[in-house]
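>>> Using only what follows, build the 3D model:
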Amino acid sequence: MRKRKTKKKLNKLDRYIIFSFSVLLGYTSIELILATLTGISHDTLTTCLYAAFGGEVLAAALIKVFNIRNEDRWDRDFEQINLEEESNG
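Prediction:
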């Protein structure tokens, strides 16, 4: 029998990061087109948008890094406890 491949679901944080990059990419594309056609650039709006979404992506990246670090630490502690139990028992 064939094993079914299970689809890995994206968690909410991953979806939010994809959404943030999509907004930044879409805004940049539209802003370049509008600036080329009209000759007017929206500097303040661009700065605010990049600051907001850039900060959000940075915060999400830090959350992922600290979660991974804590999971690794927990795994090492769990393995150490198992090794101690095997040596004592």
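>>> Need the nearest residue in space to Thr46, chain neighbours excluded.
Glu31 (6.3 Å; C-beta to C-beta, 6 or more residues apart in numbering). (C-beta placed from N, C-alpha, C; glycine too.)
>>> That neighbour sits in which helix or strand?
Element membership for Glu31, per DSSP states H and E: helix 12-38.
>>> which helices and strands does that helix pack with?
helix 43-88 (3 or more C-beta pairs under 8 Å, 6 or more residues apart in numbering; DSSP states H and E).
>>> and the helix it packs on, what does it pack onto?
Using 3+ C-beta pairs under 8 Å, 6+ apart as the contact test, the elements touching helix 43-88 are helix 12-38.
>>> Quick check: buried residues in the helix it packs on?
Within helix 12-38, the residues scored as buried using 16 or more other C-beta atoms under 10 Å are Ile17, Ser20, Leu24, Tyr27.
>>> Who are the contact partners of the closest residue to the last one other than its chain neighbours?
Using C-beta to C-beta, 6+ apart and skipping the chain neighbours, the partner closest in space to Tyr27 is Leu49 (5.8 Å). With contacts defined as C-beta atoms under 8 Å, 6 or more residues apart in numbering, the neighbours of Leu49 are Val23, Leu24, Tyr27.
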